[in-house]
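**Q** quick check, what structure comes out for this input:
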Amino acid sequence: MDIDPGADGSVPEVPIALTGNSKDVGWKYGKYCDSTNKSKVKCDFCGHISTGGIYRFKKHIVGVENVVASCKKATPEANEACKKALEKLVVTKGTNRQHEQDLRDDVHISSSVGDVVCVGSSTSEPNKVGPMDMFVRPIDGKSSKEEALRQLSMNEALFKERVHQASQYVARWVYTHAIPFNALDNDEFKQMCEAIGKFGPGYEPPSQFDLREKLLSEEYARTKSLLDDREAQKIKLGCTIMTDAWTDMKRRSIMNVCMHCSGGTSFLKSKETSDVSHTGEVIFELVDKAIEEVGAKHVMQVCTDNASNNMAAKKLLLEKRPNIFWTSCATHTINLMLQGIGNIKRFKSIVDQAQKVTIFIYAHHKTLAYMRKCTKRRDIVRPGVTRFASNFLTLQSLAEKIDALRAMVVDRAWEEMPIVKTKKGKDATATLMDANFWKGVTLCLKVFEPLVSLL
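**A** Prediction:
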């Protein structure tokens, strides 16, 4: 895989595929034709441009009638792969809808409901409605089709308005208290909304005292009861003890101990170890005590990373409990593989160059602001599962923005920045214009991607 120069000594440019970040099978047969418009996907077989994203593009490959122009040159393998992907998506959507309904059905609020107006709820219990419902009347079965459709349209419009007004209060609470947006995707949040809706007007939220005392104790008991199934699985099939150390925001060193069985992973305990060295003896004592608590006859193996202190604890455990295996963490092993490959001179030089470029851009507010302007507010640096996975994601992000970054460094506004005229600025500019660098980025991505995907 050597880089061969051309006849004139120059290195040919390697085009970076403008594919999406997802592992969707559609990206095997198409790519973005415009890096600024993610809805346009160009077919590798016939050159057709689909304007509905990768989902509509797969319909183009399959040839869904009356939806999009079908591809006449697609191979049977591509047709079958995209067809299976579309069918899987339909099943997934149906499963998600059923999951949503199950969540609602699991909410039970006891009440003595008298005359209550029901507005077409799909739940088993009727919903109480608010003041706006005085403007909504039931559809008369004897009315004409036109009148029924008109009233149905009015009802739907008013119902959407009620939903929007309720959502405004939810949004205000989220914004005021800096609640992460993804918290709204939580199943418990959806059940909370359903429970409040079933309760009706006048619900008073719990006090802080209730949350600290009674409700917390009840939730602890409920959560503990959920682990009964895992306890049965542990007894039947055995379990794994897992431990790892980490440092919190207060710089305290903490070691966590968890138990994993076929039913899932359960947290056992944590111990602050800021005042002791993480020697093999300390780790062995912590793990051995956890084995005693779980039951030695149920423990099949212990899983940790490959650090030398863990290997020392492994030897101590082998002497005391020779029937329990000590297994190295797969993630840590893959991370060491990435580290080893990344230390090879050929790859290390590319990673180092990419790091210098990103450090220079992010170290100065003017260069950072201009980079975001050129890339339409898309950052280069992206966090990963591990440090070496982050290096891969950074290279991937650079490859996705090759055109924007190259256009940025030849722009007059970039050249006129005083910081760009320094040695580090000139080096960063030269790197982004170097065809050898971009060819090396492509090579690194091809080598690292299979391992990173496992993480």
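**Q** same question for stretch 440-447: list its buried residues.
**A** Of all the residues in stretch 440-447, those buried under the rule 16 or more other C-beta atoms under 10 Å are Gly440, Val441, Thr442, Leu443, Cys444, Leu445, Val447. (Each C-beta comes from the backbone N, C-alpha and C, glycine too.)
**Q** cool, and stretch 416-436?
**A** Within stretch 416-436, the residues scored as buried using 16+ other C-beta under 10 Å are Val420, Gly425, Ala428, Thr429, Thr431, Leu432, Asn436.
**Q** sitting in helices, which of the residues you listed do you find?
**A** With DSSP state H as the criterion, helices contain Gly425, Ala428, Thr429, Thr431, Leu432, Asn436 from among these.
**Q** these two touch, right, the second one and Ala363?
**A** It refers to Ala428. No: under the criterion of C-beta atoms under 8 Å, Ala428 makes no contact with Ala363, lying 10.2 Å away.
**Q** ok so, going back, just the ones in helices among the buried residues of stretch 416-436 now: which is nearest Ser217?
**A** Ranked by distance to Ser217 (C-beta to C-beta), those are led by Ala428 at 57.7 Å.
**Q** ok, the nearest residue to the closest one once chain neighbours are set aside - contacts?
**A** Leaving out its chain neighbours, the residue that sits closest to Ala428 by C-beta to C-beta, 6 or more residues apart in numbering is Phe360, at 4.4 Å. Phe360 sits next to Thr367, Lys424, Gly425, Asp427, Ala428 when contact means C-beta atoms under 8 Å, 6 or more residues apart in numbering.
**Q** look at Phe360 and report its pLDDT.
**A** At Phe360, the predicted lDDT confidence score is 94.
**Q** and what of Ile139?
**A** For Ile139, pLDDT reads 44.
**Q** for Glu219, same thing?
**A** Note for Glu219: predicted pLDDT of 93.
**Q** C-terminal to the lowest-mean-pLDDT helix or strand in the chain, what's the next element?
**A** Using mean pLDDT, DSSP states H and E, helix 145-176 stands out as the lowest-scoring helix or strand of the chain, at a mean of 79. For helix 145-176, the following helix or strand on the C-terminal side (DSSP states H and E) is helix 187-199.
**Q** using PDB, write down the CA coordinates of that next one.
**A** C-alpha atoms of helix 187-199 as PDB (Å, rounded to 0.1, in the frame of the first residue of the first chain):
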ATOM      1  CA  ASP A 187     -39.200   5.800  28.900                       C
ATOM      2  CA  GLU A 188     -39.800   7.000  32.400                       C
ATOM      3  CA  PHE A 189     -40.400  10.600  31.200                       C
ATOM      4  CA  LYS A 190     -43.100   9.300  28.800                       C
ATOM      5  CA  GLN A 191     -44.800   7.300  31.500                       C
ATOM      6  CA  MET A 192     -44.700  10.400  33.800                       C
ATOM      7  CA  CYS A 193     -46.500  12.500  31.100                       C
ATOM      8  CA  GLU A 194     -49.100   9.700  30.600                       C
ATOM      9  CA  ALA A 195     -49.600   9.400  34.400                       C
ATOM     10  CA  ILE A 196     -50.200  13.200  34.800                       C
ATOM     11  CA  GLY A 197     -52.500  13.100  31.800                       C
ATOM     12  CA  LYS A 198     -54.600  10.300  33.300                       C
ATOM     13  CA  PHE A 199     -54.700  12.000  36.700                       C
END
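**Q** ok, back up a step: and the furthest pair within the buried residues of stretch 416-436?
**A** Among the buried residues of stretch 416-436, Val420 and Asn436 lie farthest apart (C-beta to C-beta), at 21.2 Å.
**Q** quick check: chain neighbours aside, which residue is closest to Ile283?
**A** Spatial nearest neighbour of Ile283, excluding adjacent residues (C-beta to C-beta, 6+ apart): Ala313 at 4.0 Å.
**Q** what sits against the one you found?
**A** Contacts of Ala313 (C-beta under 8 Å, 6+ apart): Gly280, Glu281, Ile283, Phe284, Val287, Thr304.
**Q** distance check, it against Asp106.
**A** Applying C-beta to C-beta, to the nearest Å, the value for Ala313 to Asp106 is 43 Å.
**Q** got it, and Glu272?
**A** Distance, Glu272 to Asp106, using C-beta to C-beta: 38 Å.
**Q** Glu285 now?
**A** 43 Å.
**Q** and what of Thr223?
**A** From Thr223 across to Asp106, the span is 16 Å (C-beta to C-beta).
**Q** now do Ala296
**A** The spacing between Ala296 and Asp106, counted by C-beta to C-beta, is 38 Å.
**Q** what do you get for Ala399?
**A** Distance from Ala399 to Asp106, by C-beta to C-beta: 45 Å.
**Q** which of the two has more residues huddled nearby?
**A** The residue with more neighbours, out of Ala399 and Asp106, is Ala399; 20 against 11, by other C-beta atoms under 10 Å.
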